[in-house]
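No sequence on hand, only this structure:
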């Protein structure tokens, strides 16, 4: 009996320690994540100008204005374009290079490091380097085109090309990460699977289609989720690669986050910007839920 | 982990496939490196060479770097970035490990609720929190302070998830044996668990440091004074104001990039291993 009661107090002491360890982190997550989330939702219901002392209640008016704002719709469409263009491109190029690297016997580490360099360097610096490369007439890429007797391209100055030009820079910087994760995924596939399939006469494309791809599925899902959420929040590249950070020309590159940033921190319309962030939140939530469902369905076979 | 046997490609002799393989890898590698070469080449050009169309500078000069250093407090920005990234990383490493350890190795009421609660904060995009954070910082005068730049990132839910995964691999018997030897509960975490999860911890530190070193959205909002900018923020404003002085912008970009490149070259093996590790468990 004595032993048992001592055991109980020991367990209680441990429980107390567990709560002590969690105290500060819980306060942090409540204070810095949850409360601000709720606060952002409530701010979106006011005309919240940071400079003016009165903050009149608007109800859903900010949302109404938002959905009637053609620039908001443009930013939303652009954001979807960033996702649709960059995610598949990163996945395909990343997997392709990873497959090559896996087969390489020499200089594997060297190439892996080479492809990974852009990922560790500052996005702001990279964006300005690409902006210089895209510069009309005197930029390196146009010099190269001139050398090949090809017509000059306006790249970032052309509303039809600018978004694609930014996507290229995004993919260029991110692809190293995809390669590393794909390589790790490929190396975790036991070679027994390949040996068994080869005995059954599978090779080349068949081997890839029926062994590599299905076993790589968790990696692909992981990268799709990460890539989609990153692309929805694209901001740094757009701000630094468009003239005066405006998301131009003609709003053709403006992303949702840049739109929110301009409303909140250039025009100081905090309430309006907060309404934009709530819409962003809902989109991310929906995508996460859809992807969770797709993931659990794919596991079945 | 062993290398797989090559999928058979009988029609082509081995050396041909090998050559194509390395040729493709090399072309890709050049595409990855050439923007950096262009950056360096431009940064070493005298202003009058920018519109000449020569690839390499005819009369290379460090003048642009000197001009940039004279125009803006680059050294100060470095210091700011270093302080912010280091302190944030230390905080994340400590708290995320502690929470991961507690959630993995203790039994108590509300454990799962707390874990799901912390994870669910991952679904809220940073952008949504930035307006409340800014209003908060404005009221408490945190604008243009290190604390102001750092406070949102002092702990990360993703890191907690990662560390919990790895802490679960520590045998409970080991902890019980240490308890019998009189090790305190905090000692269990600090002296027993932490050394055992060192690879995961290193990965978390690399991720956090890189993320904070390159962070842009929050630092650009919370810093107003020139002296409190971090490198990305400083570089962005400087480049925007430099107009078409591409040789200066590229010198600034090079100064922001080169130290990171040096650190990466030294630690590339550990960094890549760490990134791969988070991908597998995450």
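Yep, it's here. Fair warning: this is a prediction, and the values are worked out from it, not measured in the lab. Numbers count the residues shown, from 1 in each chain, chains lettered A, B, ... in the order given.

CA only for contacts and neighbour counts going forward, please
OK.

Tell me which residue is most central in chain A.
Among the residues of chain A, residue A:230 comes closest to the average C-alpha position under CA atoms, centre = their mean, at 0.9 Å.

tell me which element it falls in.
Under the criterion of DSSP states H and E, residue A:230 resides in helix A:217-232.

And the helices in the stretch 51-200 of chain A?
Taking DSSP state H, counting those that start in this stretch as the criterion, the stretch 51-200 of chain A contains helices spanning A:61-67, A:70-103, A:108-120, A:123-134, A:140-147, A:162-187, A:191-199.

out of these, deepest packed?
With neighbours defined as mean count of other CA atoms under 10 Å in any protein chain shown, these peak in mean count at helix A:123-134, which reaches a mean of 24.

sorry, back to before: could you pull out the buried residues of the helix holding residue A:230?
Buried positions in helix A:217-232, judged by neighbour count with 16 or more other CA atoms under 10 Å in any protein chain shown: A:218-225, A:227-229, A:231-232.

One more: stretch A:243-253?
Neighbour-count burial for stretch A:243-253, with 16+ other CA under 10 Å as criterion, is recorded at A:245-249, A:251-253.

Quick one: end-to-end distance for that stretch.
Criterion CA to CA, to the nearest Å; first-to-last residue distance in stretch A:243-253 is 10 Å.

Just want the residue of the stretch 51-200 of chain B that's nearest chain A.
Going by CA to the nearest CA, chain A is nearest to residue B:128 of the stretch 51-200 of chain B, at 4.7 Å.

Let me know the pLDDT of the residue lying closest to residue B:172 once chain neighbours are set aside.
In space, and not counting its chain neighbours, residue B:172 is closest to residue B:105: 7.2 Å by CA to CA, 6 or more residues apart in numbering or on different chains. Here, the pLDDT recorded for residue B:105 equals 94.

what sits against residue B:105?
Residue B:105 makes contact with B:167-168, B:172, according to CA atoms under 8 Å, 6 or more residues apart in numbering or on different chains.

before we move on, what about residue A:137?
By CA under 8 Å, 6+ apart, the contact set of residue A:137 is A:143, A:152.

what pLDDT does it get?
80.

just residue B:268 next, same as before
Listed pLDDT for residue B:268 reads 85.

what's the angle from the one helix or strand it maps to to helix A:123-134?
Using DSSP H and E, residue B:268 sits within helix B:246-281. With axes from the mean of the first three to the mean of the last three CA atoms, to 10 degrees as the basis, helix B:246-281 and helix A:123-134 are set at 130 degrees to each other.

Do any residues in helix B:246-281 lie close to chain A?
Yes - taking CA under 8 Å from any CA of the partner chain as the criterion, helix B:246-281 and chain A are in contact, through B:246, B:249-250, B:252-254, B:256-257, B:260-261, B:264, B:268-269, B:272, B:275-277, B:279-280.

I'd like to know which of these are buried.
Neighbour-count burial within the residues of helix B:246-281 next to chain A applies to B:246, B:249-250, B:252-254, B:256-257, B:260-261, B:264, B:268, B:272, B:275-277, B:279; the criterion is 16+ other CA under 10 Å.

In contact with residue B:235, which residues?
Residue B:235 makes contact with A:124-125, B:252-253, B:256 under the criterion CA under 8 Å, 6+ apart.

Can you list phi and psi of the closest residue in space to residue B:80 that isn't next to it in sequence for me?
If you skip the residues right next to it in sequence, residue B:80 has residue B:230 as its closest partner in space, 5.6 Å away by CA to CA, 6+ apart. Recorded main-chain torsions at residue B:230 are phi -90, psi 170, according to degrees, to the nearest 10.

What's the local residue count around residue B:230?
30 (other CA atoms under 10 Å in any protein chain shown).

Hmm, residue B:81 and it touching each other?
Yes - at 4.9 Å, residue B:230 and residue B:81 qualify as touching, with contact defined as CA atoms under 8 Å.

Could you check how far the residue nearest to residue B:172 is from residue B:198?
When CA to CA is applied, the distance between residue B:105 and residue B:198 equals 17 Å.

just residue A:13 next, same as before
In this structure, residue A:13 lies at 28 Å from residue B:198, with CA to CA as the measure.

For the closest residue to residue B:100 other than its chain neighbours, list the residues it contacts.
Taking CA to CA, 6+ apart, and ignoring the residues beside it in sequence, residue B:100 has residue B:164 as its nearest neighbour in space, at 3.9 Å. Counting by CA under 8 Å, 6+ apart, residue B:164 makes contact with B:97, B:99-101, B:103-104.

10 Å instead?
Contacts were defined as CA atoms under 10 Å, 6 or more residues apart in numbering or on different chains; by that measure residue B:164 touches B:96-105, B:115, B:158.

Could you do residue A:153 as well?
Under the criterion of CA under 10 Å, 6+ apart, the contact list for residue A:153 reads A:134-137, A:141-142, A:145-146, A:161.

Against which helices or strands is the helix or strand encompassing residue A:213 packed?
Taking DSSP H and E as the definition, residue A:213 sits inside helix A:213-215. Helix A:213-215 makes packing contacts with helix A:162-187, helix A:217-232 when contacts are defined by 3 or more CA pairs under 10 Å, 6 or more residues apart in numbering or on different chains; DSSP states H and E.

residue ranges with poor pLDDT in the stretch 1-150 of chain A?
Where the stretch 1-150 of chain A drops to pLDDT under 70, the residues are A:1-8.

Just say helix, strand or coil for residue A:267.
Here residue A:267 is coil, with the state taken from DSSP: H, G, I helix; E, B strand; the rest coil.

Let me see the backbone angles for it.
The phi and psi torsions at residue A:267 (degrees, to the nearest 10) take the values phi -90, psi -10.

gap between the residue of the stretch 201-301 of chain A at minimum distance from chain B and residue A:24?
When distances are taken as CA to the nearest CA, the stretch 201-301 of chain A approaches chain B most closely through residue A:277, which lies 4.7 Å from it. Residue A:277 sits 28 Å away from residue A:24 when distances are taken as CA to CA.

between the two, which one's more packed in?
A direct count of neighbours by other CA under 10 Å for residue A:277 and residue A:24 places residue A:277 higher, at 29 against 13.

now the more buried one, what's its secondary structure?
helix.

Residue B:45 now?
In three-state terms, and counting by three-state DSSP, residue B:45 is coil.

State the distance from it to residue B:247.
Using CA to CA, which is the criterion applied here, residue B:45 is 6 Å from residue B:247.

what do these two both touch?
Shared contacts of residue B:45 and residue B:247, defined by CA under 10 Å, 6+ apart, are found at B:63-64.

I would like the residues contacting the helix or strand residue A:37 falls within, please.
Using DSSP H and E, residue A:37 sits within helix A:35-43. Counting contacts by CA under 10 Å, 6+ apart, the residues outside helix A:35-43 that touch it are A:29-31, A:34, A:55, A:57-59, A:270-275, A:277-278, A:281, B:121, B:124-133, B:135-136.

And chain A, split by domain according to the record?
Here chain A is described, according to automatic domain parsing, as comprising the domains A:1-34, A:62-298.

now the longest one, how far from the centre of its chain.
Its chain's C-alpha centre and that of domain A:62-298 lie 7 Å apart, by CA atoms, centre = their mean, to the nearest Å.
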